[in-house]
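# 3D model of this:
(chains A and B)
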2 protein chains.
Amino acid sequence: MTGALDGPPRSTRGRRPGGEDTRARILDAARAAFGERGYEGAAMREVAARAGVDAALVHHYFGTKQRLFVAAMEFPVDVATVVPRLLAGGEAGVGERFVRFVVGLWDRPEVQPMLLGVVRSATTDPVAADMLRGLLTEGPLQALATAIDRPDADARVALAGSQLVGLAMARYVVHLEPLASMRADEVAAAVGPVVEWYLYGERGEAPER
Amino acid sequence: MTGALDGPPRSTRGRRPGGEDTRARILDAARAAFGERGYEGAAMREVAARAGVDAALVHHYFGTKQRLFVAAMEFPVDVATVVPRLLAGGEAGVGERFVRFVVGLWDRPEVQPMLLGVVRSATTDPVAADMLRGLLTEGPLQALATAIDRPDADARVALAGSQLVGLAMARYVVHLEPLASMRADEVAAAVGPVVEWYLYGERGEAPER
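Residues are numbered from 1 along each chain as shown, chains lettered A, B, ... in the order given. Below you'll find the model as predicted:
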């Protein structure tokens, strides 16, 4: 969890000194490859070919596929910036604002390959699964739950996280319609209340019918 | 969607004539391999080795990896039997009964590898993604939505499906705690109301707080 929320992605910061440039190009290629094929499916030499460099150079910079994956999947959001903004409007509507934020992240062309890479890879690779658990349990969701200080915050975060992972799987990975084609604000209106209910609702009571 | 809900799984129906036995052993091995490593990660020769047969035999019976996958992932539930049972208690509580049913399926040792195989593989393989979409849009969820006859049934099914996929990912694939360790009835109590709200709730209104 580093980098600024609205800052330019690392890969488009313009020219860097030789080594940095090559390293950034390899990371871009890795995000694309892991995003499309997942951890198991993407090979080091495929990443090298996409980056237009020799495979030995990928090994030189990153050593193993696992270390390349971790470096490529750096999360482009600063929780300390995001959470106060989501909470600024008060508890009511925080779920909708949060889902809107998540969908906004997924829709950023430089972020989607990274998120796809984590979700795709998490199904078969333990490091990626760790990373996904980290995004869900140490990310903005945890901060939101902490901000309201309930004894069962961990369960609330996990349940809300399950809905967000499922939204990502359904909308961006398997393209389940009509969810995949809904506008971001429609998704936020539909899923936001559920996230909010998991985080703040009275558990043991049903949502309103 | 064939086979009886509570019937014995195909693989333990006892001895069959030679060819059938071998075929069943290959399918068991395929479910295990796809379940653990997903479509991309599992190789035909790995399936052959697990089944204790020559790789040529796997090709003989199933031709391609894709056809092997489709054969191995036959869904062991008869929707026509399940849905009336879920609806029998009336609309109220149908979400909880449905989630209890889904978790029960996941917890059956002969079914979990198949479901893991579909979810893991759906992230990288179009055929598996199709299969997952089919489970969500033509399965019991669709029948539940149809039973109540709302104009936006497709969106309701997709949203409820996103929560069920996310539950599977969080609980069974990435083992997100404490969700992964909750008892089946706790999961049903926590997630059931959300599924019910997606299917039957007034959209545009928030769940009860």
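
# looking at chain A, which residue is nearest chain B?
Nearest residue of chain A to chain B (CB to the nearest CB) works out as residue A:166 at 2.1 Å. No exception for glycine: its C-beta is placed from N, CA and C like everyone else's.

# quick check: which element contains the closest residue in space to that residue that isn't next to it in sequence?
Nearest residue to residue A:166, sequence neighbours excluded (CB to CB, 6 or more residues apart in numbering or on different chains): residue B:166, at 2.1 Å. Here residue B:166 is covered by helix B:153-168, with elements defined by DSSP states H and E.

# check which element follows that helix along the chain.
helix B:184-200.

# so how far is that following helix from its chain's centroid?
17 Å (CA atoms, centre = their mean, to the nearest Å).

# which elements pack onto that helix?
Using 3 or more CB pairs under 8 Å, 6 or more residues apart in numbering or on different chains; DSSP states H and E as the contact test, the elements touching helix B:184-200 are helix A:153-168, helix A:184-200, helix B:94-106, helix B:140-148, helix B:153-168.

# reformat those helices as CSV; add mean neighbour count and mean pLDDT.
Below are these laid out as CSV (neighbours: other CB atoms under 10 Å in any protein chain shown; pLDDT from 0 to 100):
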stretch, mean neighbour count, mean pLDDT
helix A:153-168, 24, 94
helix A:184-200, 22, 94
helix B:94-106, 21, 92
helix B:140-148, 19, 80
helix B:153-168, 24, 94
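
# just to revisit the earlier point, list the contacts for the residue of chain A closest to chain B?
By CB atoms under 8 Å, 6 or more residues apart in numbering or on different chains, residue A:166 lies in contact with B:161-167, B:169-170.

# got the buried residues for the longest helix anywhere in chain A?
Ranked by number of residues, the top helix in chain A under DSSP state H is helix A:18-41. Neighbour counts over helix A:18-41 (16 or more other CB atoms under 10 Å in any protein chain shown) mark A:22-41 as buried.

# pull the CA atoms of it into CSV?
Extracted in CSV, the C-alpha atoms of helix A:18-41 (Å, rounded to 0.1, in the frame of the first residue of the first chain):
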residue,chain,number,x,y,z
GLY,A,18,18.5,3.5,-18.2
GLY,A,19,18.1,0.9,-15.5
GLU,A,20,15.0,2.4,-14.0
ASP,A,21,13.4,2.6,-17.4
THR,A,22,14.1,-1.1,-18.1
ARG,A,23,12.8,-2.1,-14.7
ALA,A,24,9.6,-0.1,-15.2
ARG,A,25,9.1,-1.6,-18.6
ILE,A,26,9.5,-5.1,-17.1
LEU,A,27,7.0,-4.3,-14.4
ASP,A,28,4.4,-3.0,-16.9
ALA,A,29,4.9,-6.2,-18.9
ALA,A,30,4.6,-8.3,-15.8
ARG,A,31,1.3,-6.6,-14.8
ALA,A,32,-0.1,-7.2,-18.3
ALA,A,33,1.0,-10.9,-18.3
PHE,A,34,-0.2,-11.7,-14.8
GLY,A,35,-3.4,-9.7,-15.4
GLU,A,36,-4.2,-11.8,-18.5
ARG,A,37,-3.0,-15.2,-17.5
GLY,A,38,-2.6,-15.3,-13.8
TYR,A,39,0.5,-16.3,-11.8
GLU,A,40,0.5,-20.0,-13.0
GLY,A,41,0.0,-19.1,-16.7
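
# and the helix holding residue B:166, how far from the chain's centre?
13 Å.

# that one vs helix B:140-148, what angle?
Helix B:153-168 and helix B:140-148 are oriented at 150 degrees to each other (axes from the mean of the first three to the mean of the last three CA atoms, to 10 degrees).

# which residues sit against stretch A:91-107?
The contact list for stretch A:91-107 (CB under 8 Å, 6+ apart) reads A:76-77, A:82, A:86-87, A:89, A:111-112, A:115, A:140-141, A:144, A:148, A:164, A:167-168, A:171-172, A:184-185, A:187-189, A:191-197, A:199-200.

# would you map out the domains in chain A?
A:10-72, A:79-200 (automatic domain parsing).

# now these as a markdown table including distance to residue B:157?
A markdown table is the format used below for those (distance: least, CB to CB, whole Å):
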| stretch | distance to residue B:157 |
| --- | --- |
| domain A:10-72 | 27 |
| domain A:79-200 | 9 |
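
# lowest average pLDDT across the ones you listed?
When the domains of chain A are ranked by mean pLDDT, domain A:10-72 comes last with a mean of 83.

# is chain B contacted by that domain?
Yes. Using CB under 8 Å from any CB of the partner chain, domain A:10-72 reaches chain B at A:37-38, A:40-41.

# phi and psi next, for residue A:130.
Torsion angles at residue A:130 (phi, psi; degrees, to the nearest 10) stand at phi -60, psi -50.

# appreciated, that's everything.
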